[in-house]
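A.B. asks: here is a sequence together with a model predicted from it:
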Amino acid sequence: MRRRFVAPARGDQTAAGFAHPLFGDLSVHRDLIDSPEWPDIDTLNARLPLPDRCFVAQDEALAADGLHYELRVARGRIATRPCNWHDLFNALVWARYPVLKAALNARQCLHIARNGTQRRDSAQQALTQFDESGVIVRVRDAALIQAWDRHDWSTFFQGQAEHWRRGDLAIAAVVGHALMEQALLPERRLVGKCLVVLGEMPEESVARIVAAIRAGEALQDPGGLRPLPLAGIPGWHPRQEAAFYAQADYFRPLREGRVYPPPLC
């Protein structure tokens, strides 16, 4: 039986832990995650203003409206549990990428209108996986992901380390708030669920993903998300020798028949 993830206490975290590249997008609001006290709902709304939504405390009074979480978000209210890492990171991602998060919510609501609240189709699963663990990867040349297509991890990371250092291969955005929560345990080796864009600038890459989500061009099936063992990215883990990349329980071989979509242009 799979154990439910339990995040560490706020007091157990240090500012040094949030220096990891995974948290780079949150640097402007670093004090909300590394200060001793939890921010309350009023603080979140003051510090992370959104144009047409606000954060509301998730409690019994809120649940009394009977709305599905996504439908409530579409009406402008993002249910947020107090003193909760998962929901705090969700709020921070909303603040950093509000248009992207709104696009994910709109697609979820479209499928809920079609399927009801009791059944989830493959597109909803893909949308949720990306929302929870998503990473946008930017590449300057599609040939650089051929090793990724094969799960040839040593070549993709070690063999192309210079391309990672130069930014020919790069993380354009970390979207997954559950991924951030799990990163609170530094020994945990994380896997992002990725969409890939052929381009130069992070902002343009995010905008391309937003357009693809809105059009139903991406996130129609979980199989379209590429797994990325984040500890393999040059500089993201202290152990990156050949034996590290040979650990098949983390750097998993390609499943027979698995084919990934090409990068979005």
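C.D. replies: Perfect, I can see it now. Residues are numbered from 1 along each chain as shown.

A.B. asks: from here on, contacts and neighbour counts on C-alpha atoms
C.D. replies: Fine.

A.B. asks: how about stretch 258-265: buried residues?
C.D. replies: Using 16 or more other Cα atoms under 10 Å as the test for burial, stretch 258-265 gives 263, 264.

A.B. asks: cool, and stretch 13-20?
C.D. replies: Result for stretch 13-20 [16+ other Cα under 10 Å]: buried residues 13, 18.

A.B. asks: and what of stretch 180-187?
C.D. replies: 180, 181, 182, 183, 184.

A.B. asks: next step: these restricted to helices.
C.D. replies: 180, 181, 182 (DSSP state H).

A.B. asks: and the residues you listed as CSV, adding distance to residue 34 and pLDDT?
C.D. replies: Putting these into CSV (distance: Cα to Cα, whole Å; pLDDT from 0 to 100) gives the following:
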residue, distance to residue 34, pLDDT
180, 13, 96
181, 13, 96
182, 16, 94
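
A.B. asks: same question for the strand or helix carrying residue 129, mean pLDDT?
C.D. replies: In the assignment (DSSP states H and E), residue 129 maps to helix 122-133. In this model, helix 122-133 carries a mean pLDDT of 98.

A.B. asks: could you find the closest non-adjacent residue to residue 88?
C.D. replies: Leaving aside its sequence neighbours, residue 88 sits nearest to residue 80 (Cα to Cα, 6 or more residues apart in numbering; 7.6 Å).

A.B. asks: the one you found: how many residues sit nearby?
C.D. replies: By other Cα atoms under 10 Å, the residues close to residue 80 number 21.

A.B. asks: ditto for the one 4 residues further on
C.D. replies: Neighbours of residue 84 under the rule other Cα under 10 Å: 15.

A.B. asks: for the record, mean pLDDT for the helix or strand containing residue 56?
C.D. replies: Using DSSP H and E, the element containing residue 56 is strand 54-57. Averaging pLDDT along strand 54-57 gives 98.

A.B. asks: chain center to that strand: distance?
C.D. replies: Taking Cα atoms, centre = their mean, to the nearest Å, the mean C-alpha location of strand 54-57 is offset from the chain mean by 21 Å.

A.B. asks: ok, stretch 163-173 next?
C.D. replies: That offset, for stretch 163-173, works out to 17 Å (Cα atoms, centre = their mean).

A.B. asks: same check, this time on stretch 239-251
C.D. replies: For stretch 239-251 - counting by Cα atoms, centre = their mean - the centre lies 23 Å from the chain centre.

A.B. asks: so how far is the first residue of that stretch from its last?
C.D. replies: The first and final residues of stretch 239-251 sit 14 Å from each other (Cα to Cα, to the nearest Å).

A.B. asks: so what does residue 64 look like in phi/psi?
C.D. replies: Per-residue torsions, residue 64: phi -60, psi -20 (degrees, to the nearest 10).

A.B. asks: and it, how far is that from residue 42?
C.D. replies: Distance from residue 64 to residue 42, by Cα to Cα: 21 Å.
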